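Trainee: no sequence on this one, just coordinates:
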């Protein structure tokens, strides 16, 4: 004796894709931070202090956006590699971090030469 049951054919639905844009957007903000710092430093060397000030403030804001967006993307598992890169680039390219870091290095140099 054989049992036969109606066979239901499963229709394959659309495959959901992974959300990746938060991590990549944070990384883009980190890259734009570096661009803004380069613009600010170039403007200072050309004695364009107004442009340099705006570029530095833009770099600070983009840096904060990159770090916070990177943290959110890392927690949400949205392209974690790009998110971690955004955190690193955003933190290291921040003009305030650069200022304190370069001052610390200059202080170490002064201590070493004394």
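Mentor: Received, thanks. Quick caveat, the model's predicted, so the values are computed rather than measured.
Trainee: now the helix or strand encompassing residue 63, how far from the centre of its chain.
Mentor: Using DSSP states H and E, residue 63 maps to helix 49-75. When distances are taken as Cα atoms, centre = their mean, to the nearest Å, helix 49-75 is centred 9 Å away from the chain's centroid.
Trainee: Stretch 19-31 now?
Mentor: 6 Å.
Trainee: same deal with stretch 68-88?
Mentor: 8 Å.
Trainee: buried residues in it?
Mentor: Going by neighbour count (16 or more other Cβ atoms under 10 Å), the buried part of stretch 68-88 is 69-71, 73-74, 78-79, 82-87. No exception for glycine: its C-beta is placed from N, CA and C like everyone else's.
Trainee: Which residues does it contact?
Mentor: With contact meaning Cβ atoms under 8 Å, 6 or more residues apart in numbering, stretch 68-88 is reached by 18-27, 29-30, 66-67, 90.
Trainee: before we move on, what about stretch 33-52?
Mentor: Contacts of stretch 33-52 (Cβ under 8 Å, 6+ apart): 53, 55-56, 58-59, 62-63, 66, 89-90, 93-95, 98.
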